[in-house]
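> Fold the following, please.
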Amino acid sequence: MRVTAIPSGRRAKWAVLAFWIGLLAVAGVFSGKFDSVVKNEVGTFLPKDAESTQAIDLAKEFTPDISSAVVIYERADGAVTADDRAVAKADAGRFAESKHVTTPIVGPVVAKDGRAIEIVVPVKAGGSGQTGSSEIEAAVKDMRSILDSHQGLTTHVTGPAGYAADQADAFAGADKALLLLTVAIVFVILLLTYRSPVLWIAPLICVGVALFVAQAAIYLFARYGSLTVKGDTQFILTVLVFGAGTDYALLLIARYREELRRHEDRHEAMAVALRRSGSAIVASAVTLTLSLLCFLAADLNSTKSLGPALAIGVASALAVMVTLLPALLVILGRWVFWPVRPAFGSPQPPQRGPWAWIGSVVSRGPRATWIGTSAVLGVLALGLIGFTADNMQMKDSFTSTPEAVTGEQAMAVHFPAGGGDPAQIIGAAGAAEPLRSAVAGTPGITDVTPPVVKDGHVYLEGTLTAPSNSKAAFATVDRLRDAVHAVPGAEAKVGGGNAVNLDYKRAAQHDRTLLVPLVLIVVGLIIGVLLRAVVAPLVLLGTVVLSFAAALGVSALTFKHIFGFAGADPAIPLWIFVFLIALGVDYNIFLMTRVHEESKAHGTRRGALRGLNATGGVITSAGIVLAGTFAALATLPLVFAAEIGFAVAFGVLLDTFLVRSVLVTALTYDLGRRMWWPSALSREETASDHEEIAPQTLAPR
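Residues are numbered from 1 along each chain as shown. Now for the predicted structure:
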């Protein structure tokens with residue numbers, strides 16, 4: 001018995017349903033613990049051999065699990081008064097009483113301009129949650145409640161701890177809100193697609209099951225294996241599972257509806273639908289899964305961990321959509337399509353809509369069509385000129401302006417810009433004084449703390465004059481590293497927030513250089529095996545790369561001139577690339593497997609137009625679903641989420657409406673049977689390779 005007949009078997013369908021109900025009951029226990037394995041500590045993002053990672057490990061001897069909160073007091077109408085200084089001193093004492101704060105507290109320090117006061121509060125960073133340290137959140141909350149009682153003074157809590165607390169606040173409840181929004185988007189699109197008040201229920205239930213199972217599996221791999229889960233994994237996992245899973249459901253249901261008109265027995269119709277659409281669905285999921293697993297070769301732990309977690313999500317969506325969904329649809333019967341039930345023997349819907357028109361236009365001038373379309377995409381890609389993905393300053397990473405941002409702006413006016421994020425230098429104890437001299441003599445360093453010696457190591461901090469995460473700050477870190485590395489016998493390491501972000505930036509650049517060609521090779525090989533051709537994979541890869549360049553070009557201009565974002569995270573282009581390449585290839589696979597099937601009976605040129613007609617509607621619906629789910633990321637209050645959401649949503653729509661329907665179809669029509677070289681299909685010439693094809697002859701078989 002064929003594997004495809006199992007979910008649609010008269011008895012087996014009930015076994016499939018029982019299996020998933022049992023698995024869901026078990027998964028529900030573990031998926032609820034997902035948040036408990038999320039790690040957001042700075043050191044977990046970087047490669048273990050990065051200098052800042054080594055510095056973090058060594059610095060734990062001196063500052064174990066500590067983050068800094070910088071408290072700023074301003075008096076806008078003049079210099080701070082003696083009373084203001086007394087208030088700040090009293091506050092420092094109250095801060096020290098908190099169980100979340102450690103000592104020593106630095107300050108109060110009055111700014112040179114006399115208009116502000118600064119206190120640096122060391123905060124315990126023990127314990128982790130989805131968006132950061134629970135200790136940090138509690139400490140900052142306590143400090144802000146103390147500061148709220150002051151009159152005539154403007155106060156802020158900023159620094160690394162302030163930003164961590166504001167990120168936690170921004171994300172509070174965001175995972176549930178994103179899930180509800182994603183469900184709403186999928187519901188609306190499915191309702192409009194099927195025009196049925198009940199059919200949408202089955203795919204939506206199935207994609208929910210896939211998400212719960214994926215979360216449970218990720219939890220188990222993280223809890224008992226070596227998988228590291230980051231805070232952003234939850235959000236991207238949700239939209240990817242809903243988007244990809246719904247796409248697979250749409251393709252299967254569309255083919256099932258076709259087969260119900262040809263087969264009286266719905267079990268047989270589903271078996272045929274699974275057999276004919278299954279290869280495209282499996283190939284699409286495998287392409288995306290393997291592309292994500294390429295992330296395992298990354299240097300950045302944040303990238304390396306994201307890939308496998310998302311791959312688990314895609315695999316879960318595939319498993320559910322080719323087993324549970326078919327079983328549910330067969331159990332429910334034809335009435336689930338009400339009010340337009342596909343009766344046995346009824347004619348297929350006429351192919352005289354927009355896809356027939358596009359096919360007609362393409363067939364009249366295929367070469368001019370694909371050259372013109374390519375030129376349009378090339379123009380859109382010009383937006384990449386001048387685009388760089390560099391580390392943004394923390395103040396630019398929010399779509400809003402939380403207190404940590406206003407506090408940093410105030411601190412930059414009155415104090416050294418890098419005061420809340422010093423460079424950390426750790427070296428051999430015997431080189432304490434030479435190290436201090438080297439640090440003090442580095443341009444861009446304004447102040448150096450006295451050396452602290454412990455267990456054979458010496459620890460110093462240097463205050464930067466440049467704002468955190470700026471190009472000037474990175475240049476200072478490089479100069480500082482050159483200076484301390486030159487101290488004989490010091491074996492010094494430079495860490496701190498700026499050093500971490502500099503190492504992050506360089507690791508991300510390395511990952512882009514390595515993973516982009518690796519993903520293209522993986523995708524090309526899968527398409528080649530699926531279509532048994534060499535030309536087709538090369539052509540399809542060329543179209544998705546051009547589509548990616550156009551989407552990122554438009555996105556770069558939108559980020560800068562419409563959204564007003566200050567920049568992009570270094571890892572953003574890689575994530576967008578993988579999503580758009582792998583997901584864009586999905587639609588090409590959906591189209592070209594049908595074209596390949598039709599070409600065997602009707603020739604490649606007729607097959608190209610028949611394939612477009614047969615898949616145009618379902619692929620368009622799938623693209624809209626996927627774009628809608630990724631667009632939901634833009635509701636999160638962080639720039640990186642908004643950038644990924646917009647770029648992927650725009651790229652998917654561009655690929656759906658222009659690249660796949662026009663560019664790929666025109667190229668296939670123009671190349672004809674050469675598209676399938678070197679397979680036997682490339683040598684089978686038919687009359688349709690030379691004739692003009694009328695749109696009314698293109699109804700699917």
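
> can you pull the contacts of Ala170?
For Ala170, the contact set (Cβ atoms under 8 Å, 6 or more residues apart in numbering) comprises Thr131, Phe398, Ser400, Pro402, Leu636, Pro637, Leu638. For the C-beta atoms, the positions are set from N, CA and C on the backbone; glycine is no exception.

> so it sits in a helix?
Yes: secondary structure assignment places Ala170 in a helix (DSSP: H, G, I helix; E, B strand; the rest coil).

> Do a quick rundown of the strands in this protein.
Assigned by DSSP state E, the chain shows strands spanning 66-74, 106-110, 116-124, 154-158, 418-428, 445-448, 452-454, 457-464, 493-495.

> For my notes, please list those in TSV and give mean neighbour count and mean pLDDT for each entry.
As requested, those are arranged in TSV below (neighbours: other Cβ atoms under 10 Å; pLDDT from 0 to 100):
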stretch	mean neighbour count	mean pLDDT
strand 66-74	25	83
strand 106-110	18	82
strand 116-124	24	84
strand 154-158	23	86
strand 418-428	26	80
strand 445-448	19	85
strand 452-454	13	86
strand 457-464	22	87
strand 493-495	26	89
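
> Any chance of CSV for the ones you listed, columns distance to Met592?
As requested, the strands of the chain are arranged in CSV below (distance: least, Cβ to Cβ, whole Å):
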stretch, distance to Met592
strand 66-74, 52
strand 106-110, 64
strand 116-124, 56
strand 154-158, 53
strand 418-428, 51
strand 445-448, 59
strand 452-454, 64
strand 457-464, 54
strand 493-495, 50
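
> out of the contacts of Ala170, who has the most neighbours?
Within these, most neighbours by other Cβ atoms under 10 Å means Thr131, with 24 neighbours.

> Report the spatially nearest residue to the residue nearest to the spatial centre of the chain, omitting neighbours in sequence.
The centroid of the chain falls nearest to Ile236 when counting by Cα atoms, centre = their mean (5.1 Å). Spatial nearest neighbour of Ile236, chain neighbours left out: Leu310 (6.4 Å); criterion: Cβ to Cβ, 6 or more residues apart in numbering.

> okay but the residue nearest to the centre of the chain is in contact with Ile644, surely?
Yes: with contact defined as Cβ atoms under 8 Å, Ile236 counts as touching Ile644 (7.4 Å).

> any common contacting residues for these two?
Common contacts of Ile236 and Ile644 (Cβ under 8 Å, 6+ apart): Leu633.

> Show the average pLDDT along the longest helix that the chain contains.
Using DSSP state H, we find that the single longest helix of the chain is helix 497-531. Helix 497-531 shows a mean pLDDT of 87.

> Give me the angle between it and strand 66-74.
Taking axes from the mean of the first three to the mean of the last three Cα atoms, to 10 degrees, one finds that helix 497-531 is oriented at 120 degrees with respect to strand 66-74.

> Does helix 497-531 pack against any helices or strands, and if so which?
Contact partners of helix 497-531 among helices and strands, from 3 or more Cβ pairs under 8 Å, 6 or more residues apart in numbering; DSSP states H and E: helix 51-59, helix 266-293, strand 418-428, helix 471-485, helix 535-561, helix 572-602.

> Of all the ones you listed, which one is nearest Leu328?
Smallest distance to Leu328 across the helices and strands packed on helix 497-531 (Cβ to Cβ): 10.5 Å, for helix 266-293.

> so how far is the closest one off the chain centroid?
Average the C-alpha atoms of helix 266-293, do the same for its chain, and the two points are 24 Å apart (Cα atoms, centre = their mean, to the nearest Å).

> Report all helices and strands that that helix contacts.
If you count contacts as 3+ Cβ pairs under 8 Å, 6+ apart, helix 266-293 packs onto helix 231-262, helix 301-321, helix 324-332, helix 497-531, helix 572-602.

> of these, which approaches Ala76 most closely?
With Cβ to Cβ as the measure, helix 497-531 is the member of the helices and strands packed on helix 266-293 nearest Ala76 (28.5 Å).

> In that closest one, which of the residues would be classed as buried?
Under the neighbour-count criterion of 16 or more other Cβ atoms under 10 Å, helix 497-531 has 497-509, 511-512, 515-516, 519-520, 522-524, 526-528, 530-531 buried.

> Local confidence estimate at the residue nearest to Ile236?
On the pLDDT scale, Leu310 gets 90.

> Please apply the same query to Glu684.
pLDDT, Glu684: 67.

> Same question for the one 10 residues further on.
At Ala694, the pLDDT value in this model is 50.

> same deal with Thr131?
At Thr131, the model reports a pLDDT of 38.

> what's the answer for the one 4 residues further on, then?
The pLDDT attached to Glu135 in the predicted structure is 74.

> so it touches Thr102, yeah?
No: with contact defined as Cβ under 8 Å, Glu135 does not reach Thr102; the gap is 10.1 Å.

> which residues do the two both contact?
The contact lists of Glu135 and Thr102 share Val123, Lys124, where a contact means Cβ under 8 Å, 6+ apart.

> And those two? Which one has more around it.
Comparing Glu135 with Thr102 by other Cβ under 10 Å, the one with more neighbours is Glu135, at 22 against 18.

> Not counting its neighbours along the chain, what's nearest the more buried one?
In space, Glu135 is closest to Lys124, 4.5 Å off (Cβ to Cβ, 6+ apart).

> No further questions, thank you.
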